[in-house]
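> Structure of the sequence below:
(one chain, ligands or ions: 1)
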Amino acid sequence: MTTITPTPDMEINVDIYTQELLLAASNHSIPTLRRLIRENQLPGNPVNVKDPETGFSPLHAAIAAYEPEEPQQPQANGVESNGEAAEQEQEQSAGGSAAETVKFLLQEGAIWNDLDLNNETPGCVAKRIGAAELYEIMVDAGVRAELLLGRLDGYEALSDDDDEEDEEGEGEVEAEQEAEQQEEPTTTTTTTTEPTTETEEATNPSVTNPRYLDSTLTFTNDRLLDADQNGVMMAWESTIMEKSAQKLLPTPGLRVLNIGHGMGIVDTFLQSHQPSEHHIIEAHPAVIAEMKRKGWDQKPGVRIHEGRWQEVLPALVGEGVEVDAIYYDTFAESYADFREFFSEQVIGILEQDGGRWGFFNGMGADRQISYDVYQKVVEIDLFEAGFEVEWEEIEVPKLEGEWEGVRRPYWMIEKYRLPVCKFMN
Ligand SMILES: C[S@@+](CC[C@H](N)C(=O)[O-])C[C@H]1O[C@@H](n2cnc3c(N)ncnc32)[C@H](O)[C@@H]1O
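Predicted structure coming up:
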């Protein structure tokens, strides 16, 4: 094998090519972009090149150059105008529509949530400059990517010794690799971005459920932290817990199940609605010990179920337990776990007639676009699992100073969307 060491000339060509791509993107010139992509000499997909000074990808550049008064491309019957005549016209004016350019780049495989050096995704730029149409295009791109990732989660690579099946699986593997380039939004219940090096692992250990369940916890009045200083639960979430309990138990005497006791905030509010049965599933031994110390096992109607919901729920169903309401708020679990919960488990334990359930909606809450993407993703997955969901938007208190001593601020947006889910008619 011959190794090619890049000569200074080659580097200059790469720089020029990158700058040409970024310029074409900011001019919204689809024909030039198409030509440059065709002529690509770079390894990898050229639509994901980055400007070394700003970290802008072509998507960032196309969005940052948006001007509100810019003429929209004519559309026939909702079909995108990309005919030859329109392209020539665009080439001549060197300034087509930002929306069409963004859609074109996405079709060519641009990554929807690539970060620039200002820590902004292209969608964040759209939001900041008030480009609502472009923001929506970016949200939809995020939803498509996340849904694909979610679907591929269940895909298992085929074994080497079955050639025929291997061929069938190739497309899926490619799609999986492409989808994996997209960073999954973080949630308060999960950190899905895997560290890549050992040094990184030491300074930024990944939050997995087994690691968390093994870790020593610190309880204070206003927070519960794990051994890596991750915020497992914080007192600022109290209004959210109070409102959730109110919506789930509108009248006294109902049967409720809470998954994840944490600081006991939601359980305290649930108790105040006088449930006739109050089941609590909790997996961390230190939380269980704290619950008992505080006398939770003696409270009216309370039954503590020790262990992970994955094991406890099937046992409760086997026992014939049925409840009118469920609240779900765990920690260090993935979106796939959550989806498994509502797709497989809720049906077995929630009263069919009028039963309702809710969850702590913290997925992607470290940036607005991820929050918006995940709201749509979860809505689609809930619908597929047979649930309708109603959202109520509520204010979140100002959180300045709140994150001192916490490894990662997991809430960076202004409003919380509180979900209540019910079986579809
Ligand atoms: C965010 S806290 C819950 C906070 C709670 N809503 C409150 O109001 O204080 C998450 C809790 O879920 C528990 N947990 C994590 N994984 C679990 C699992 N698989 N099954 C049951 N509990 C789990 C954690 O130990 C922790 O107590």
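> Please enumerate the helices of the stretch 51-200 of the chain.
58-64, 84-93, 98-107, 122-129, 132-153, 163-181, 198-203 (DSSP state H, counting those that start in this stretch).
> would you say residue 422 is within a helix?
No: looking at residue 422 with DSSP: H, G, I helix; E, B strand; the rest coil, it is strand, so not inside a helix.
> what's near enough to touch residue 422?
Going by Cβ atoms under 8 Å, 6 or more residues apart in numbering, residue 422 touches 354-357, 387-390. Heads up, the C-betas are built off the backbone N, CA and C, glycines and all.
> Taking the residues you listed, tell me the two that lie furthest apart.
354 and 389 (15.6 Å; Cβ to Cβ).
> Can you pull the residues of the stretch 251-400 of the chain lying near the ligand?
Counting by Cβ under 6 Å from any ligand atom, the stretch 251-400 of the chain comes close to the ligand at 259-266, 281-284, 287, 308-310, 329-331, 333.
> thinking again about what came up before, looking at the helices of the stretch 51-200 of the chain, which has the lowest confidence?
Ranked by mean pLDDT, the helices of the stretch 51-200 of the chain end with helix 163-181 in last place, scoring a mean of 39.
> roughly how far apart are the closest residue to residue 384 other than its chain neighbours and the ligand?
Spatially, and ignoring its direct neighbours in sequence, residue 384 is nearest to residue 343 (7.6 Å; Cβ to Cβ, 6 or more residues apart in numbering). Separation of residue 343 from the ligand (Cβ to the nearest ligand atom, to the nearest Å) stands at 16 Å.
> I'd assumed residue 381 was in contact with residue 343.
Yes: at 7.4 Å, residue 343 and residue 381 qualify as touching, with contact defined as Cβ atoms under 8 Å.
> quick one: which of these two has more around it?
Using other Cβ atoms under 10 Å as the criterion, residue 343 and residue 381 rank with residue 381 on top: 18 against 15.
> Return the distance of the more buried one relative to the ligand.
19 Å.
> what's that residue in contact with, if anything?
Contacts of residue 381 by Cβ under 8 Å, 6+ apart are 150, 339, 342-343.
> could you redo the last one with a cut-off of 10 Å?
If you count contacts by Cβ atoms under 10 Å, 6 or more residues apart in numbering, residue 381 has them with 146-147, 150, 335, 338-339, 342-343, 387.
> Out of those, flag the one nearest to residue 134.
Nearest to residue 134 among the contacts of residue 381, counting by Cβ to Cβ, is residue 146 at 18.7 Å.
> Just give the number of residues close to that closest one.
Residue 146, neighbours per other Cβ under 10 Å, totals 27.
> For the closest residue to residue 209 other than its chain neighbours, give me the backbone phi and psi.
What sits nearest to residue 209 in space, not counting adjacent residues and going by Cβ to Cβ, 6+ apart, is residue 332, at 4.7 Å. Residue 332 has phi and psi values of phi 60, psi 30 when expressed as degrees, to the nearest 10.
> Surely residue 332 and residue 227 touch.
No: using Cβ atoms under 10 Å, residue 332 is not in contact with residue 227, being 11.8 Å away.
> Give me the common contacts of those two.
Counting by Cβ under 10 Å, 6+ apart, the contacts common to residue 332 and residue 227 are 211-212, 215.
> Turn those residues into a markdown table, including secondary structure and pLDDT.
Shown next, in a markdown table, are the shared contacts of residue 332 and residue 227 (DSSP: H, G, I helix; E, B strand; the rest coil; pLDDT from 0 to 100):
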| residue | secondary structure | pLDDT |
| --- | --- | --- |
| 211 | helix | 96 |
| 212 | helix | 97 |
| 215 | coil | 96 |
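> Nearest to the ligand, out of those: which one, please.
residue 212 (6.7 Å; Cβ to the nearest ligand atom).
> Contact partners for the closest one?
Residue 212 makes contact with 226-228, 230, 232, 283-284, 330-333, according to Cβ under 10 Å, 6+ apart.
> try 7 Å
Contact partners of residue 212, counting by Cβ atoms under 7 Å, 6 or more residues apart in numbering, are 226, 331-332.
> what do you get for residue 409?
Shown in contact with residue 409 (Cβ under 7 Å, 6+ apart): 366, 403.
> Could you grab the helix/strand/coil label for it?
Assignment for residue 409 (three-state DSSP): coil.
> where exactly do the strands run in this structure?
Remark: strands assigned in the chain by DSSP state E are 218-219, 223-225, 231-234, 255-259, 277-282, 302-306, 325-328, 356-359, 387-395, 415-423.
> and the third one with the ligand, contact?
Yes: contact check for strand 231-234 against the ligand, using Cβ under 6 Å from any ligand atom: residues in range are 232-233.
> Show residues contacting that strand.
By Cβ under 7 Å, 6+ apart, the surrounding residues in contact with strand 231-234 are 222-226, 262-263, 331, 406, 410.
> Among these, give me the pair with the biggest separation.
222 and 331 (16.7 Å).
> Looking at these two, which has the bigger crowd around it?
Neighbour tally, residue 222 and residue 331, criterion other Cβ under 10 Å: the higher count belongs to residue 331, 24 against 11.
> Could you report the neighbour count for the residue nearest to residue 380 when sequence neighbours are not counted?
Spatial nearest neighbour of residue 380, excluding adjacent residues (Cβ to Cβ, 6+ apart): residue 147 at 6.6 Å. Using other Cβ under 10 Å, residue 147 has 16 other residues around it.
> what residues are up against residue 308?
So residue 308 contacts residue 283 (Cβ under 7 Å, 6+ apart).
> thinking again about what came up before, a markdown table for the contacts of residue 212, including distance to residue 254 and pLDDT?
Formatted as a markdown table, the contacts of residue 212 follow (distance: Cβ to Cβ, whole Å; pLDDT from 0 to 100):
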| residue | distance to residue 254 | pLDDT |
| --- | --- | --- |
| 226 | 32 | 97 |
| 331 | 26 | 98 |
| 332 | 30 | 96 |
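> and which of these is nearest to the ligand?
residue 331 (3.9 Å).
> Can you tell me the closest non-neighbouring residue to that closest one?
residue 232 (4.9 Å).
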